[in-house]
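Student: Structure of the sequence below:
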Amino acid sequence: MSADVQHTLATSATLEGTSLHTGAKVTLTLRPAPAGHGFKFRRTDLADQPFIDADADKVQTVERATTLAEGSVKVHTVEHVLSALTGMGVDNALIEMDANEPPIGDGSSRPFVELIKKAGLAPQDAPRKIWEIREPIHQESGDGTLITIVPCKTFRVSVTNVGPEGRFTQYFSSEVTPELYEKEISPARTFVYYEDVKPLLEKGLIKGGSLENAVVVRGNEVMSKEALRFHNEFARHKALDLIGDLILSGKRILGHVIAVKPGHGPNSKLAATLKREYARMRSLAAPFVLPHGETVLNIHDILKILPHRYPFLLVDRIIDMVGDTKCTGIKNVTINEPFFIGHFPGHPIMPGVLQLEAMAQVSSVLMLRKPENAGKIGYFMSADSVKWRRPVLPGDTLHIEAEVIKIRGSIGQTRCRCMVGNEVASEAELKFALVQQ
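Tutor: Here you go, the predicted structure:
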């Protein structure tokens, strides 16, 4: 399975069972969905069959499960099926249910993994959108919960489970790939402490719970229809829930998630933080329609990649990256630019050659961000099919697009253009060489 493109299900597949909290009989069907669709739930038992997005903004309650709501329509306990879809590499799926909660199965996400394998996966003609975390994100709760995401070149989770009075303190850490998720995470079952059972029943919860689909902890003993599947099964199930809750941010991430005493409340709160922080990073000075696929690099990241410095660094941020072939950067053009002093007095216009230089710098990011090109510098070789179509003025936000046409050894050729709003300001085909500094 290619990690570079989005995947959906190859066909539909259905699972029947009993829901955990409501105790209702339910039929769940996973269906293929188009690229960019993400995960959506559909209540087929209601007259208009409404949809609910798997979105952090839709989280309503988080007691013992994550509940999403759209108006008066709700879906409960969404974390297991979302965790399985995410862990198994599915990006787009429609989740249909004829009740308000998925079947609980054996309390793990393994039944959903088996359902996904039965349906199969199909690649789609769209790049997979993954956000690489560049700076630590930290969250603390009053109950002692800590969740931190630190930079990492893979998606990894490390979870410490701490029960009442420190009982069943367990630790689990693993990279999350479809293979590891299926083997090491999906079999871990949900669990409950005996002293919590009565209060949960009084609240109308766990009506469908039994030793068939949950592990009950009484004192220091475990009550279950089978032995624990792992010595740290509780920590693994917490990792399972964490994966399912975090995808409510709408973004796959590269990063190491380190969690102590995680729960649905803190998990979904962090998902909302991720969504908000990503939106902040993608915010632009002017409205602009972005292509699919993204990587966000701020000015500090750019300074690590490009050797250019003031006054000749002409890229403020990389806002979009599609694989290794396309890149979009922005340059906020202000009246403080040093070239406006002489170009021209009383009529400031950004020099066309500097627009070419900005294109070359964004093109260089495509190559220099690769580990094998670290420490190199890009030299201009030629500029062909150059056209300037409108002046770039103080106050404009320049969107600089670059697409690789050809790479042979250390020589690269790109097709570029500078946009202001929806207008092309300039365009060119550039050739450059990467050499050691």
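Student: hey, let's count contacts and neighbours off CA atoms from now on
Tutor: Noted.
Student: Now the helix ranked longest in the chain: buried residues?
Tutor: Longest helix in the chain, counting residues (DSSP state H): helix 264-282. Neighbour-count burial for helix 264-282 flags 264-275, 278, 282 (criterion: 16 or more other CA atoms under 10 Å).
Student: Including pLDDT and distance to residue 330, could these go into a markdown table?
Tutor: Converted to a markdown table, the buried residues of helix 264-282 look like this (pLDDT from 0 to 100; distance: CA to CA, whole Å):
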| residue | pLDDT | distance to residue 330 |
| --- | --- | --- |
| 264 | 94 | 37 |
| 265 | 94 | 37 |
| 266 | 95 | 34 |
| 267 | 96 | 33 |
| 268 | 96 | 32 |
| 269 | 96 | 31 |
| 270 | 97 | 28 |
| 271 | 97 | 27 |
| 272 | 96 | 26 |
| 273 | 95 | 24 |
| 274 | 96 | 22 |
| 275 | 94 | 21 |
| 278 | 87 | 16 |
| 282 | 66 | 11 |
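Student: Pick out whichever of these sits closest to residue 138.
Tutor: Among the buried residues of helix 264-282, residue 270 lies closest to residue 138 (CA to CA), at 8.7 Å.
Student: Pretty sure residue 140 is one of the things that closest one touches, is it not?
Tutor: No - in this structure residue 270 lies outside contact range of residue 140 using CA atoms under 8 Å: 9.8 Å.
Student: ok, the closest residue in space to residue 38 that isn't next to it in sequence - how many residues close by?
Tutor: Spatial nearest neighbour of residue 38, chain neighbours left out: residue 92 (4.3 Å); criterion: CA to CA, 6 or more residues apart in numbering. Neighbours of residue 92 under the rule other CA atoms under 10 Å: 23.
Student: which residues sit in contact with residue 92?
Tutor: 6, 7, 8, 9, 32, 33, 34, 35, 36, 37, 38, 39 (CA atoms under 8 Å, 6 or more residues apart in numbering).
Student: Is residue 253 bridged to anything, and to what?
Tutor: residue 131 (DSSP bridges).
Student: Okay, it and residue 296: tell me how far apart.
Tutor: 12 Å (CA to CA, to the nearest Å).
Student: what do you get for residue 159?
Tutor: Counting by CA to CA - residue 159 and residue 296 are separated by 27 Å.
Student: and the two? which has more neighbours close in?
Tutor: Set residue 159 next to residue 296 and count neighbours by other CA under 10 Å: residue 159 wins out with 25 against 20.
Student: Tell me if I'm right that the more buried one and residue 233 touch.
Tutor: No - judged on CA under 8 Å, residue 159 makes no contact with residue 233 at a distance of 11.2 Å.
Student: At which residues are the helices of the stretch 151-300 of the chain located?
Tutor: 178-180, 194-202, 233-246, 264-282, 299-305 (DSSP state H, counting those that start in this stretch).
Student: can you redo those as CSV with distance to residue 87?
Tutor: Output for the helices of the stretch 151-300 of the chain, formatted as CSV (distance: least, CA to CA, whole Å):
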stretch, distance to residue 87
helix 178-180, 5
helix 194-202, 29
helix 233-246, 8
helix 264-282, 16
helix 299-305, 29
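Student: mean pLDDT for these: which is lowest?
Tutor: Mean pLDDT is lowest for helix 194-202 out of the helices of the stretch 151-300 of the chain, coming in at a mean of 72.
Student: Are there residues contacting both of residue 253 and residue 296? Which ones?
Tutor: With CA under 8 Å, 6+ apart, residue 253 and residue 296 have common neighbours 131, 132.
Student: quick one: buried residues of stretch 343-363?
Tutor: 348-350, 352, 355-363.
Student: same deal with stretch 150-168?
Tutor: For stretch 150-168, by 16+ other CA under 10 Å, it's 150, 151, 155, 156, 157, 158, 159, 160, 161, 162, 168.
Student: Also stretch 164-184?
Tutor: For stretch 164-184, by 16+ other CA under 10 Å, it's 168, 170-178, 181-182, 184.
Student: State the distance from residue 143 to residue 160.
Tutor: In this view, residue 143 and residue 160 are 14 Å apart by CA to CA.
Student: Hmm, I typed the wrong one, I wanted residue 274.
Tutor: Separation of residue 274 from residue 160 (CA to CA): 21 Å.
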